[in-house]
Structure formats: C-alpha cells, structure tokens
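*Asks:* Structure of the sequence below:
(one chain, ligands or ions: 1)
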Amino acid sequence: MYCGFLTAKRLWIFGIATVIVVVTVALCATLIPKSKANNVRPVTPQQFPSTFKFGCGSSAYQIEGAYATDGRGQSIWDDVTKKYPEKVVDGSNGNVACNSYELYEEDIKALVATGVNFYRFSISWSRVLPTGDISSVNELGLQYYDNLINALIKNKIQPMVTMFHWDMPQRLQELGGMPNPIIVDYFKQYAKILFERYSDRVKLWNTFNEPVVYCELGHSLLVHAPLVNSPGIGNYLCGHHILLANAEAYRMYHNFYNLDKTGKIAIVLNSGYTWPLDANNPDDVEAAERTIQFWLGWFAHPIFSSTGGYPPVMTEVINANSEMENRTWSRLPEFTPEEIIYVRGTSDFLGLNYYTSSYATPATDQIGWPNPSFYRDRNTFTSVNETWPVAKSTWLRSVPQGLRDLLNWIRKQYNNPEVYITENGWSDEGELHDVGRIEYLRGHLQAVLDAVLRDRCNVVAHTTWSIIDNFEWMSGYTEKFGLFHVDFTSPNKTRTAKDSVAFLRSIISTRMMPTN
Ligand code: GBH
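*Replies:* Purely as a prediction, here's the structure:
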C-alpha cells in the first residue's frame, strides 16, 4: 500500500517532468548571460507591478515662499529663521524660496515632465489658519491649495497631502506647541477644515511628517525649530501628542469624510536600517535592534504592532532611568489601556522616508549627551562605512541594501503592512549632470524592486525627494535635493530639468530598471 504512490506510470511522468525541468534550467542558464551581453530584455524582466505608483515630494515651508502674502500667519520656521539666522548655514530663510505660492503651475510642469503618478506636498497650517485655530480661517490660503489640487488632477497627477511638515503656527507654539496636550484638539480642528474642503478630491493623506525629527531635533538637539530645550522630556511629550493627534485625525477621517472608502490616511516615519557593528557580538546585535526600536519603533510600534503602545525596550529603559533620577513619573508618557487601543491601527499604510543607514554598538560612555536625553536612553553609538558614497549633506550616504533590509524588518515586525516610500533622495551642489542622484535612485529603486519581487514586501509606491531644489532647513540653499534645478537669483525662479528627470521618467514609463 505504502509504495502504491510510485506506480510505473507515475515514475514515468516524474522522469519526463525531471527532464523538462533540467532542460529549462539549462536553457535559462545559457540565455541569461547572453541576453545581458546583447543588452536585450532579460528572460524574466524585473518589472515594477502595474499597480506600483511613482511620485515626487516637497513641503510648504521649503518651496512656497510668500511668507506674508494674502494673510498667511507666521510659523515656527519664520520665527526661528528671523530670530536666529546664524542657525541656518547661509543665513537664509523660506520667505521667498521657490515662490511656489505664485509659481505652482511651473511645479506642475516639472511633475508632468517627470511623468509621476502622484505629488506629495504639504499644507501650511498657518496659511489656512493664521493663528492656528478656526477663529481665523483664511479663505485665500484655502483657495491656493484648491487651485493646486485642481491643477494636479487636471494633469492626471494624484495629490498626496501632508497636513503637518514641521511648520507649527507660531501662535500655537506660544502655547507650548506639540508638548502641550491641547495641541491634539487644535490639530483635530485643523484636520477637519482640510477634510471638509479637500476630501472630495484628495484621497491620499499624510498626518505628520517624521515625528522623530520634529520632536527630537526640535525639542532636544536645538537643531530644528522650535528650538525647545527639553531633552529627554519635551521630545517624548511631543511624540505622545502626535500619536494621539494622528489617531484623532485618522478616526475622524474614516468616520465622517471617507464614506465611499476610496481614501487613505497615514503617518510618515523616517528611518534608516541599523546593522550590528559586529554581527557576531550579541551586544551589538541588541544595540542595533534597540536603535531601530527607539527611532522607527517609537511611532511605529503604537500604530502597527499587534500589541500597541511604545516598544517594550523604550518603556523599560525610560521608566527605569526616570526612577533612578528620582522622578515621580516616567519621562515617557503612559498611554491608558483605552488609548493603546485607540491609537493602534490608525494608519492605512506606513509612509516611510528612507535616506541612509548605519552600524550600531552599545555606547561606551555618555559624555556629550545632555542628561537626561533620548540618546542617553537609547545608549548606542552609530557609525558609517566610509566607503559608502557621501552626498553634499554629510549625514547622507548611499546604502541601498539598508532600504531592502529595513523593508524586510518592517515586514516581519509589523506583519507586512502596506508601505509607501514617501521620501528618498540625494543632495548635491545643484549640477544639471547629476550622476550622483541617478546612481542613488538606480540603487534604491533596485532595492525596492528586490524587496517587492523577491521578498514579497508590500511596498506600493516610491516618492523621490524632491521635485525642485528648495530651502533645506538649517542647510539653507547649500544642499540641493531637486530633480529640477531652481535659479534662486532669477525673479521667476526658473526651473530646469536635471539629467535625473529623464532617468526617472524612463523607469516610470517602462516600469523597468534601465539596462545601462
Ligand atoms: C527629510 O528629513 C525631510 O522630511 C525633508 O523636509 C528634507 O528636505 C529631507 O529630509 C532632506 O534632508 O544636519 O546632522 O543635524 C530627513 C531626515 C533629519 C536628515 C535632519 C537630516 C539633519 C542632520 N533629516 N537631519 S544634521
């Protein structure tokens, strides 16, 4: 009975099948190198799925200018660049920038020339609500985004709207900004205004851009607005209220504005991948994991994990450190059980900004870090491989493998959520023959393709940062991320395509990586 399966007939079929497999494999093995040599289509073309979307990004303060036009209120970036121009390397600001407020049609021409499916831009909170609250709705500001959205749709480019890309209204900052819990209600009101006005046409929403950067660099490290000096405390309060505000906006959107279920709303987190400095050293392995949990996990775990709440390693470390510091309560705010449930699942996809990666090892001393601080809590040193190509921005090295590894980490950690890569890009001096940018995009788009086709990561979109050169925060106009060069000296801020435009355009239209 047991051997009944292997009848003579079945053995014969097995034999034939084996021959077919062997012949096919042999044929492929000879064909693949040939097709490469002749530069023709490979046997199995590595194509982006037909549903995969390509886009480009920007943000309001970095491109719009018109800082006091048509009733716009001031934001923390107006305030900081005015009061502390020495904080910006070239002493510049976003008062005029690319003047996209007046020249948005030029931006749309650039997007059309690149052939993108969507455009990720942000709304300036203080342009639509000059004092931050709904007592001051600025109709002209709302009309600007109406015009932009309508023009995009007319050109078959889907708008993806970021509600908060770091430009807190100054008047709300005077109340304490993000560390004050009342910001949750103010954000909710702002979100309501946007949904009411635009949700008929905008079907892709981002609530917050890079909360770790906003909270940590802006409330601890004194390198970003609002320059709040509260390391280890204000940063965590800031993060807590962003998570609650994101949940409020998410639930309001789905309860009242996405009734036909065609829209999506998500948070945007930035992270690199971190490898252990010595993969055979368990302490380094732990340090690498801790580094990712403190950065990406800080916001991703409460939303995307099956248990919700902050990553256990963060809670343990920060609670223990707070106790050692004789505090009555932990510096990391605690969610109530209801809040854990309320926050969990409040992002329809993970918006991921990926730029670069690093190695980690446990910190050997904590000198140089404020006490307390995020970095003391995390307690790891990170480093880079000096052979990784470096951009004009010294923090930015090209590490495509890090993107693929990070996407796989996300797949395993959070049960393969849908991922939109919402930023990915390269800075240089602004040259038109931007080979560095082309090589960066080539490597990273290939990494995305590998993650999608080989690893089955659920990545559905890639966004190149940025469509045009712009105000690069504390680096002013000295680091250029644009696919289009902007002549900041000309009155009409002339946009000129760099070589990378044709490169990206060809990938978008063929859905394939170029073979040369
Ligand atoms: C993104 O942040 C932003 O979303 C976008 O607005 C920006 O234009 C783009 O990156 C390019 O920078 O000078 O050593 O203190 C990416 C995360 C956070 C990376 C701030 C650079 C400054 C490092 N960025 N960080 S440093």
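*Asks:* Does residue 119 lie in a helix or a strand, and which?
*Replies:* Element membership of residue 119 [criterion: DSSP states H and E] is strand 118-122.
*Asks:* Follow the chain on from that strand and name the next helix or strand.
*Replies:* Secondary structure here is assigned by DSSP H and E; on that basis, the next helix or strand after strand 118-122 toward the C-terminus is helix 125-128.
*Asks:* now that next one: mean pLDDT?
*Replies:* Summarised as a single mean, pLDDT over helix 125-128 is 98.
*Asks:* so what's the spatially most central residue of the chain up against?
*Replies:* Central residue check for the chain by Cα atoms, centre = their mean: the C-alpha nearest the mean position is that of residue 353, 2.3 Å away. By Cβ atoms under 8 Å, 6 or more residues apart in numbering, the residues touching residue 353 are 209-210, 268-271, 421-424, 465. Yep, even glycine has a C-beta here, placed from its N, CA and C like the rest.
*Asks:* Going by neighbour count, which of these comes out on top?
*Replies:* Neighbours were tallied for each of those (criterion: other Cβ atoms under 10 Å), and the maximum of 29 neighbours falls on residue 422.
*Asks:* isn't that one right up against residue 210?
*Replies:* No. Here residue 422 does not reach residue 210: they are 9.4 Å apart, not a contact under Cβ atoms under 8 Å.
*Asks:* what touches both of those two?
*Replies:* Residues touching both residue 422 and residue 210 comprise 268, 353, with contact defined as Cβ under 8 Å, 6+ apart.
*Asks:* before we move on, the earlier item: show me which of the contacts of residue 353 neighbour the ligand.
*Replies:* Of the entries in the contacts of residue 353, those that also sit close to the ligand under the rule Cβ under 6 Å from any ligand atom are 209-210, 270, 423, 465.
*Asks:* Which of those residues fall in strands?
*Replies:* Counted as lying in strands by DSSP state E, out of those, are 209, 270, 423, 465.
*Asks:* Switch the residues you listed over to JSON lines, and while doing so, append distance to residue 326 and pLDDT to every line.
*Replies:* Supplementary listing: these in JSON lines, determined by distance: Cβ to Cβ, whole Å; pLDDT from 0 to 100:
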{"residue": "209", "distance to residue 326": "36", "pLDDT": "99"}
{"residue": "270", "distance to residue 326": "34", "pLDDT": "98"}
{"residue": "423", "distance to residue 326": "41", "pLDDT": "99"}
{"residue": "465", "distance to residue 326": "44", "pLDDT": "98"}
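*Asks:* Which residue ranges of the stretch 151-300 of the chain form helices?
*Replies:* Across the stretch 151-300 of the chain, reading from the start of the chain, the helices by DSSP state H, counting those that start in this stretch fall at 170-173, 183-198, 211-212, 218-219, 234-252, 282-292, 298-304.
*Asks:* among those, which is nearest the ligand?
*Replies:* Set against the ligand and scored by Cβ to the nearest ligand atom, these come closest in helix 211-212, at 8.6 Å.
*Asks:* Run through the neighbouring helices and strands of the closest one.
*Replies:* Applying 3 or more Cβ pairs under 8 Å, 6 or more residues apart in numbering; DSSP states H and E, one finds that helix 211-212 contacts helix 234-252, strand 264-270, helix 298-304.
*Asks:* Apply 7 Å and report the result again.
*Replies:* Using 3 or more Cβ pairs under 7 Å, 6 or more residues apart in numbering; DSSP states H and E as the contact test, the elements touching helix 211-212 are helix 298-304.
*Asks:* For the helix it packs on, the averaged confidence score.
*Replies:* Helix 298-304 shows a mean pLDDT of 99 in the predicted model.
*Asks:* Any residue of that helix touching the ligand?
*Replies:* No. Counting by Cβ under 6 Å from any ligand atom, the ligand has no neighbours in helix 298-304; the shortest distance is 13.8 Å.
*Asks:* Output whatever helix or strand comes next after that helix as CSV, restricted to C-alpha atoms.
*Replies:* Heading C-terminal from helix 298-304, the first helix or strand you meet, by DSSP H and E, is helix 312-324. Taking Å, rounded to 0.1, in the frame of the first residue of the first chain, the C-alpha atoms of helix 312-324 are listed here in CSV:
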residue,chain,number,x,y,z
PRO,A,312,8.8,47.4,25.4
VAL,A,313,12.5,48.3,25.3
MET,A,314,11.7,52.0,25.3
THR,A,315,9.2,51.8,28.2
GLU,A,316,11.6,49.6,30.3
VAL,A,317,14.6,51.8,29.8
ILE,A,318,13.0,55.2,30.2
ASN,A,319,10.9,54.1,33.2
ALA,A,320,14.0,52.7,34.9
ASN,A,321,16.1,55.8,34.1
SER,A,322,13.3,58.1,35.3
GLU,A,323,13.1,56.2,38.6
MET,A,324,16.9,56.4,39.0
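*Asks:* Near the ligand, which residues of the stretch 401-516 of the chain are found?
*Replies:* With the criterion set to Cβ under 6 Å from any ligand atom, the stretch 401-516 of the chain comes near the ligand through 423, 465, 472, 481.
*Asks:* Report the angle between the strand holding residue 119 and strand 264-270.
*Replies:* An angle of 70 degrees separates the directions of strand 118-122 and strand 264-270 when computed by axes from the mean of the first three to the mean of the last three Cα atoms, to 10 degrees.
*Asks:* Provide a complete list of residue ranges assigned to strands in this structure.
*Replies:* Assignment of strands within the chain using DSSP E yields the ranges 53-57, 118-122, 158-164, 204-209, 264-270, 274-276, 350-353, 358-362, 380-383, 419-423, 459-465, 484-486, 495-497.
*Asks:* ok, and the closest non-adjacent residue to the residue of the stretch 1-150 of the chain at minimum distance from the ligand?
*Replies:* Checking the stretch 1-150 of the chain residue by residue against the ligand with Cβ to the nearest ligand atom singles out residue 59 as nearest, at 5.1 Å. Using Cβ to Cβ, 6 or more residues apart in numbering and skipping the chain neighbours, the partner closest in space to residue 59 is residue 165 (3.8 Å).
*Asks:* Enumerate the residues of this protein near the ligand.
*Replies:* Of all the residues in the chain, those in contact range of the ligand (Cβ under 6 Å from any ligand atom) are 59, 62, 209-210, 213, 217, 223, 270, 353, 355, 395, 423, 465, 472, 481.
*Asks:* which one among the residues you listed gets closest to residue 232?
*Replies:* Within the residues of the chain next to the ligand, proximity to residue 232 (Cβ to Cβ) peaks at residue 217, which comes in at 13.9 Å.
*Asks:* count of residues packed around the spatially closest residue to that closest one that is not a sequence neighbour?
*Replies:* By the measure of Cβ to Cβ, 6+ apart, the closest residue to residue 217 outside its immediate chain neighbours is residue 224, 4.1 Å from it. Here the count is done by other Cβ under 10 Å, and residue 224 has 22 residues near it.
*Asks:* need the contact list for residue 224.
*Replies:* Contacts here follow Cβ atoms under 7 Å, 6 or more residues apart in numbering; on that basis residue 224 touches 213, 217-218, 473-474.
*Asks:* Check residue 450 too.
*Replies:* Residues counted as contacts of residue 450 (Cβ under 7 Å, 6+ apart) are residue 404.
*Asks:* Tabulate the CA atom coordinates of the strand holding residue 119 in PDB.
*Replies:* Presented in PDB, the C-alpha positions along strand 118-122 are these (Å, rounded to 0.1, in the frame of the first residue of the first chain):
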ATOM      1  CA  PHE A 118       1.300  61.500  -7.700                       C
ATOM      2  CA  TYR A 119       2.700  64.600  -6.000                       C
ATOM      3  CA  ARG A 120       3.300  64.700  -2.200                       C
ATOM      4  CA  PHE A 121       3.100  68.300  -1.000                       C
ATOM      5  CA  SER A 122       2.200  69.800   2.400                       C
END
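*Asks:* Sheet-wise, list the partners of it with their directions.
*Replies:* Sheet neighbours of strand 118-122, with direction, are listed as strand 53-57 (parallel), strand 158-164 (parallel) (DSSP bridges).
*Asks:* List the buried residues in the first one.
*Replies:* Same thing as strand 53-57. In terms of neighbour count (16 or more other Cβ atoms under 10 Å), strand 53-57 has its buried residues at 53-57.
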